[in-house]
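Participant: make a model of this:
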Amino acid sequence: MPITFEQPGWLLLAALIVPTWWWLLRGRDAFGRGRWLSIGIMRTILLLILAVALAQPVLEREADGLTVAVVLDRSRSIPRTQLERAVSFLEQVSEGEQREADDRLAVIQLGRDAVPTSMPDPASVISLNSGPADVTETNIAAGIEQAKGLLPRDTASRIVLVSDGNETIGNLMMAADLARESGIPIDVLPIEYEYEQEVLFDRLIAPARARLGQSIELKLLLRSNGPASGKLILERNGIVVDINGAEPGQAVAIELDGGLHVEQVTVEAGDPGPVQFRATFEPDSLPGQQQDRIAANNTGSAVTFVSGSGAVLIIDDGTGTSGPLKKALDAADIRWRSMVPSDLSFGVVGMLGYDAIALVDLPRWSFNDSQIRDLHAYVHDTGGGLLMTGGPEGFGAGGWIGSALEPAIPLDMDPPAERQIVKGALVIIVHSCEIPQGNYWGQRVAEAAIETLNAVDEIGIVEKGPRTGGATWTLPMQAVGDRKAAMDAAKQLTFFDMQFFQPSMEMALTGLSQSDAGQRHVIIISDGDPQPPSQTLLNSYVSAGITVSTVMVGWHANNPLHDAAMKRIATITGGTFHRVNDPNRLPQIFIKEARVVSRSLIQEGTFSTQVVDTMSGPIQGISELPAVRGYVLAAEREGLARTGAVVINGEYQDPLYAWWNYGLGRVIAFTSDLAGRWTGSWASWARLNAFWEQSTRWLVRSSSRSDFAINTRDQGGGQFIVEMEAYDPDAAFLNFLETRAAVIGPDGETTSLDLQQIAPGRYRGEFQQRQAGNSVVNVHFAGRDSEGETIEGNVQAAVSRAYSDEYRNLVDNAALLRRVAKETGGRVIEMDDLVPLDLYDRESLVMPSTAREIWMTLAVIAAILLVLDVALRRLTVDPERVKEVLARASAGRQQGGDASVSAWKRMKKSASPRVSEKREDLISGTERSGSSISTVESSSGAASVSDKVEPEPPVEDEGGMTSRLKAARDRARRGDFEDGDS
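Facilitator: You can find the predicted model right below:
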């Protein structure tokens with residue numbers, strides 16, 4: 001084990017040994033020879049250790065452990081049965097006899113992203129119980145990079161890749177090159193397959209735009225790797241269209257010979273707005289013949305925008321809360337459509353069929369995250385209008401604080417501290433490791449709850465700790481604040497498997513009991529298999545007024561015993577029990593539960609109103625508004641937001657009506673309600689219809705220019721081209737327009753698109769979209785026409801991918817995997833090999849050297865030696881005295897008693913002359929006083945007192961005889977004698 005020094009210059013300090021000995025030689029007469037020599041040796045060792053410690057020594061040793069990182073491809077292209085067989089094979093070989101005690105195992109699973117499901121540890125196992133959330137893409141490179149990041153430096157390393165080799169994202173060879181440079185071999189276990197008699201829908205081509213009532217031509221392109229037969233079904237906005245002509249039935253029968261096949265059909269464009277076309281190939285079922293096993297790639301889709309007058313989409317809870325708005329729109333002859341949040345399933349493309357959208361008293365948990373992102377993109381990136389109204393579940397009272405839509409609202413939904421009424425405290429207990437994609441959902445639900453709380457609310461996160469049966473604070477109880485610390489803590493969750501609820505619930509109870517929050521609440525997410533808490537603990541929750549809601553999801557969610565245990569916790573403590581089958585509902589549940597602790601933002605009473613801005617905007621010309629009996633508390637937003645009307649609440653003026661331009665769109669916020677609970681007096685207000693008509697007309701976006709043409713082309717592989725042709729009403733080219741284009745993906749994420757003018761009136765851009773679903777291209781343009789007039793507007797198109805590239809792979813790419821193994825020095829693992837696989841084979845591996853800094857240990861030793869050095873110089877020890885003390889200590893308790901008796905006898909003997917002398921003095925004194933004493937001679941010659949004498953009180957010597965005897969005895973026990981005691 002060689003030793004190296006990071007600061008070797010400090011070794012020169014050892015030269016001080018020479019002058020140290022010179023100084024000691026000069027003063028050696030002051031010490032005995034043995035003591036002088038001990039001091040010298042001590043000083044020498046001390047200086048040597050100090051010099052070495054300051055030089056920062058590093059002890060190097062060769063590691064003997066091995067870490068194997070297994071990278072599992074969970075993407076949909078791999079047949080499930082073959083993946084399970086590969087995992088079962090690796091489970092067996094990973095527990096073989098060749099595995100040594102120091103060997104570690106890590107597991108990374110990949111889809112669109114790579115997630116570690118087992119950290120490097122000797123106890124880790126390979127399992128398919130959890131994994132990435134999105135398996136419709138394959139990013140093998142991300143899996144290799146994740147594995148590299150997990151491999152420790154103090155062991156040798158090996159990566160085992162289990163995949164079919166078909167990647168849709170990333171570059172595997174680039175990641176393999178980096179692994180090779182790091183000296184990490186990649187073993188590969190190829191999953192090989194080939195789909196025969198397979199048909200896939202290559203694409204559906206439709207025009208980007210059409211006029212109302214126009215007939216358009218659709219092209220349906222299919223590919224097959226052999227002869228096949230079936231029928232084609234076409235749907236327009238979910239309704240089947242007859243494409244079979246005069247023949248019976250609506251579908252058309254087709255025969256495929258192998259290769260590319262093209263079908264052309266002509267249909268009417270449909271109603272105004274975006275029209276979704278969807279075509280599906282259904283193979284014939286032939287006896288004894290299996291064909292087309294992948295159903296996901298049998299569909300093609302496209303979107304056409306049909307010009308026409310727009311409409312307003314009203315989203316409410318279906319109970320008539322939006323009645324006054326609908327009545328006003330009818331009076332103004334503005335088309336509208338109403339739906340509940342669950343019907344909002346068509347994404348941004350469907351929203352583009354409406355010029356404005358109204359959200360009427362709806363909480364955030366009525367929508368999923370994707371819908372909320374779509375609403376934001378609809379306003380910000382396509383120029384749509386948005387109206388949000390209040391009510392008991394609107395704005396901050398409905399959990400919209402921290403949502404993706406919050407930046408679009410012209411109000412601050414989290415009022416300042418001086419308006420805070422009561423704060424809440426929330427603890428989340430996370431046990432999600434046995435839920436599918438449990439790590440992802442555990443983090444996501446924690447983030448959803450954190451986003452919902454107000455800045456003054458308190459939050460804590462508890463999970464199973466590394467100690468058996470214990471619990472730990474991932475986030476100790478603290479104010480939410482800016483949410484950064486809480487969000488960081490959510491990302492640090494370790495997701496240990498919890499065996500008992502008792503420790504985590506005790507920890508949560510302790511934390512909440514120390515909080516002064518007005519409402520205290522606990523949310524537990526689990527599959528229900530930990531041991532239930534004691535009745536005593538639940539009673540403590542009830543006594544403290546702390547409620548507990550339980551969310552049950554996962555592998556054990558259908559176990560009646562676990563179900564009953566989770567329900568019992570919620571019932572006893574006054575919480576709510578949620579049984580969840582779809583994990584996508586989890587964020588909404590946690591958002592709703594988090595609102596239990598939030599302070600009330602609802603203000604009810606009778607409040608007058610005041611219009612403060614009538615110069616411009618949606619309520620221009622309206623000078624007064626009726627009183628309201630309630631509203632949702634909010635604050636004015638800084639920046640470009642404008643407040644048109646306020647509620648007078650004592651000394652405060654709270655926003656009632658606000659608006660602004662946001663991105664390309666417009667937004668209005670009305671903090672009271674429409675249903676009449678708070679605005680009952682508005683029903684008789686003469687200008688009610690005008691109020692909502694003006695607001696709506698200000699919101700709606702301008703219609704697209706019919707003299708602009710926009711087209712999209714699918715180049716394959718997720719590459720698309722967008723071309724826009726711009727003309728004025730006289731068909732003259734519009735050049736040098738300022739364009740701002742954006743692509744809104746199927747997940748609601750927006751990316752910018754650069755359009756360049758390539759010819760007179762023609763603008764072109766390219767983008768990549770690999771996700772399945774519809775993407776919207778919005779082009780905002782501004783400039784001047786041929787007459788110098790200012791023009792500005794938006795034009796949209798859509799591109800559609802019915803399925804991801806994952807389903808285009810009909811055969812494996814094992815050749816790529818073998819190349820990876822060859823270039824990194826890895827092995828190709830075959831499950832059918834007769835030779836048993838040693839997963840932890842160290843042959844050809846470079847065993848790393850581990851470095852350990854030891855300067856701190858040396859510094860501690862030096863400190864101890866320094867104390868000993870001082871002791872040697874300053875303290876003088878009498879050897880004889882030491883021997884005597886040791887001898888007395890070893891004599892034991894009996895010898896101590898004997899010594900006390902001997903000392904007493906010696907003390908008595910010493911005191912006898914003094915006693916006799918005192919007696920003589922006493923007798924003489926008596927005679928002098930005239931007392932008569934007679935003596936009688938006994939046979940022994942002893943004198944005895946025959947007459948009664950009444951003497952004076954006896955005079956004791958100093959301290960008294962008894963005291964002196966006791967003192968002598970004590971000194972004897974201590975081994976300390978006065979002169980004459982012996």
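Participant: switch to C-alpha atoms for all contacts and neighbour counts from now on
Facilitator: OK.
Participant: tell me which residues of stretch 277-285 come out buried.
Facilitator: 277, 278, 279, 280, 281, 282, 283 (16 or more other CA atoms under 10 Å).
Participant: could you dump the residues you listed into a markdown table with distance to residue 221 and secondary structure added?
Facilitator: As requested, those are exported to a markdown table (distance: CA to CA, whole Å; DSSP: H, G, I helix; E, B strand; the rest coil):
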| residue | distance to residue 221 | secondary structure |
| --- | --- | --- |
| 277 | 14 | strand |
| 278 | 13 | strand |
| 279 | 10 | strand |
| 280 | 11 | strand |
| 281 | 11 | strand |
| 282 | 14 | strand |
| 283 | 15 | strand |
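Participant: in CSV: the residues you listed, plus distance to residue 242.
Facilitator: CSV is the format used below for the buried residues of stretch 277-285 (distance: CA to CA, whole Å):
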residue, distance to residue 242
277, 13
278, 13
279, 12
280, 13
281, 15
282, 16
283, 19
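Participant: ok, those vs residue 731, which is closest?
Facilitator: residue 277 (30.4 Å; CA to CA).
Participant: contacting residues around the helix or strand containing residue 860?
Facilitator: Under the criterion DSSP states H and E, the helix or strand holding residue 860 is helix 855-874. Residues outside helix 855-874 that contact it (CA atoms under 8 Å, 6 or more residues apart in numbering): 35, 38-39, 42-43, 46, 49-50, 52-58.
Participant: between these, which has the most around it?
Facilitator: residue 53 (25 neighbours; other CA atoms under 10 Å).
Participant: burial measure for residue 719, as a count.
Facilitator: 13.
Participant: which stretches of the stretch 601-750 of the chain form helices?
Facilitator: 688-699 (DSSP state H, counting those that start in this stretch).
Participant: find the residue ranges of the stretch 451-600 of the chain scoring beneath the pLDDT cut-off.
Facilitator: Scanning the stretch 451-600 of the chain with the threshold set as pLDDT under 70 gives 466-469, 495, 554-558, 597-600.
Participant: what distance do you get for residue 402 to residue 376?
Facilitator: According to CA to CA, to the nearest Å, residue 402 and residue 376 sit 13 Å apart.
Participant: which one of the two is surrounded by more residues?
Facilitator: residue 376 (26 against 19).
Participant: for the more buried one, what are its contacts?
Facilitator: Taking CA under 8 Å, 6+ apart as the test, what residue 376 contacts is 404, 405, 408.
Participant: for the last one, what are its contacts?
Facilitator: If you count contacts by CA under 8 Å, 6+ apart, residue 408 has them with 376, 379, 380, 662, 667.
Participant: would you mind listing the buried residues in the strand or helix carrying the second one?
Facilitator: In this assignment (DSSP H and E), residue 379 forms part of helix 369-380. Of the residues in helix 369-380, those buried by neighbour count under the rule 16+ other CA under 10 Å are 369, 370, 371, 372, 373, 374, 375, 376, 377, 378, 379, 380.
Participant: which secondary structure elements does the following helix or strand past it contact?
Facilitator: Next in sequence after helix 369-380, counting helices and strands by DSSP H and E, comes strand 385-389. Judged by 3 or more CA pairs under 8 Å, 6 or more residues apart in numbering; DSSP states H and E, strand 385-389 is in contact with strand 356-360, strand 665-670, helix 688-699.
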